[in-house]
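K.L.:
Task: produce atomic coordinates for the following.
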Amino acid sequence: MRTYQHIGLKSDAIVFLQEHAAMVPDITCPDCGKVVRERFAKNEYDTVDATYATVSLHEYVLRDGRMAREIMQCMPWSAGPMGFLCLEVEGQLLFEWTEEEIAEQE
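P.N.:
Numbers count the residues shown, from 1 in each chain. Below is the predicted model of the structure:
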């Protein structure tokens, strides 16, 4: 069965977001009102048709006010499409997958 395989962002991109993305409350204690968990401040800004799935792309608000957008870097085929994402900040692509890294996932 052919299915979409979401590879997503490289681990370095996740670390970048953890260090630079703004956070918003996710879970608040109903008794005391204290925030007990936060999540990235992000919005869906686009979708990509991946043949067997629709992939949501997000933009993240960075703490310095800039935006970081997920970009579908490539979608090679390996028993179905595989989605490799990178980030774009101010027109510059960051944390792109190398050809070798992509080949290791196929």
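
K.L.:
what's next to the top helix by length along the chain, contact-wise?
P.N.:
Across the chain, the helix with the greatest residue count (assigned by DSSP state H) is helix 11-20. With C-beta atoms under 8 Å, 6 or more residues apart in numbering as the test, helix 11-20 has contacts from 9, 40, 60, 62-64, 68, 85-87, 94-95. Any C-beta I mention is one placed from the backbone N, CA and C, and that applies to glycine too.

K.L.:
try stretch 68-81
P.N.:
2-5, 9, 16-17, 20-21, 45, 48, 50-52, 55, 57-60, 62, 82-89, 93-94, 96-97, 102, 105-106.

K.L.:
repeat that for 7 Å
P.N.:
2-5, 9, 17, 45, 48, 50-52, 57-60, 62, 82-89, 93, 96-97, 102, 106 (C-beta atoms under 7 Å, 6 or more residues apart in numbering).

K.L.:
any idea how far Met67 is from Leu57?
P.N.:
Distance, Met67 to Leu57, using C-beta to C-beta, to the nearest Å: 12 Å.

K.L.:
does the residue in the chain sticking out farthest from the centre count as helix, strand or coil?
P.N.:
For the chain, the C-alpha farthest from the mean C-alpha position belongs to Asp31; by C-alpha atoms, centre = their mean, that distance is 33.1 Å. Here Asp31 is recorded as coil under DSSP: H, G, I helix; E, B strand; the rest coil.
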